[in-house]
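Undergrad: fold the following for me, if possible:
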Amino acid sequence: MKSANILNKPSLKYLSFGFLTAILLILGCGHSPFSPDAKMIVVSTGSSVLAPVPSQDGLTINSVLPSTSVTLKLLQGTNVFIDGYSVDYLDEAGVLLYTKVGLATNSLKVMGKLSAYLTTSTDLSLTIPVYSRDVYYKIHPSDKAYNSGEVDLLSPVSAVVTFYGTDANQNRVSCTGYVSLTTVPSSMTSTS
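TA: Numbering: from 1, shown residues only. The predicted model follows:
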């Protein structure tokens, strides 16, 4: 009988309700100590400097723009489903390239979707097209400008590649890697 009386006391009812609520919040919260965010990093970006491959016909429009191979590693936490990436371009001073060239939109920003799975047991290698035609045309000096000495070189440019994903605990995570993009006038890369 005494134990039934103890549970009927208002202070113990609130204490037991508060305890149960706290446990449920901890177990259900995405950022609780029981479900921490995964930590992933970019281990390598293939070549640290990318340059276009000149075309056989010498035409700038036919130059081959390289992609980069990026390797991701999981440092801690659970597996991550990688669902997208973005690439921003910075000049040597760290200014966004599309801001520097005065574009109203960020047409020089690249965004893409992925469907890849990063696990705790193995690194993940992805190939990303970081060198877009828009970027190439903005940083590639024309032969005329180069020869006249009036060239305002934007090259080299840093490509800032950010990967986005969701870990097994439903936490949104990301990591970033860097690649330098460079180019020279067509006359200096001519294959003939």
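
Undergrad: for the protein, give me the ranges with low pLDDT.
TA: 1-34, 58-61, 98-107, 141-155, 184-192 (pLDDT under 70).

Undergrad: how about the strands in it?
TA: Counting by DSSP state E, the chain has strands at residues 39-44, 49-50, 68-76, 80-90, 110-118, 124-128, 157-167, 172-181.

Undergrad: residues contacting Val80?
TA: By CB atoms under 8 Å, 6 or more residues apart in numbering, Val80 lies in contact with 38, 40, 74, 117-118, 165-168, 173. In this view, the C-beta of every residue, glycine as well, is placed from N, C-alpha and C.

Undergrad: mind listing the residues bridging to it?
TA: Beta-bridge partners of Val80, counted by DSSP bridges, are Leu118, Asp167.

Undergrad: ok, it to Gly46 distance?
TA: 21 Å (CB to CB, to the nearest Å).

Undergrad: same deal with Val135?
TA: With CB to CB as the criterion, Val135 and Gly46 are 17 Å apart.

Undergrad: more crowded one of the two?
TA: Remark: of Val135 and Gly46, Val135 carries more neighbours, 25 against 17, as counted by other CB atoms under 10 Å.

Undergrad: just checking, the more buried one touches Leu90?
TA: No: using CB atoms under 8 Å as the test, Val135 is too far from Leu90 to be in contact (11.3 Å).

Undergrad: shared neighbours of the two, anything?
TA: The contact sets of Val135 and Leu90 overlap at 97, 157 (CB under 8 Å, 6+ apart).

Undergrad: next, count neighbours for Gly84.
TA: Neighbour count of Gly84, defined by other CB under 10 Å: 14.

Undergrad: check contacts around the closest residue in space to it that isn't next to it in sequence.
TA: Spatial nearest neighbour of Gly84, chain neighbours left out: Tyr164 (4.7 Å); criterion: CB to CB, 6 or more residues apart in numbering. For Tyr164, the contacting residues are 82-86, 172-174, by CB under 8 Å, 6+ apart.
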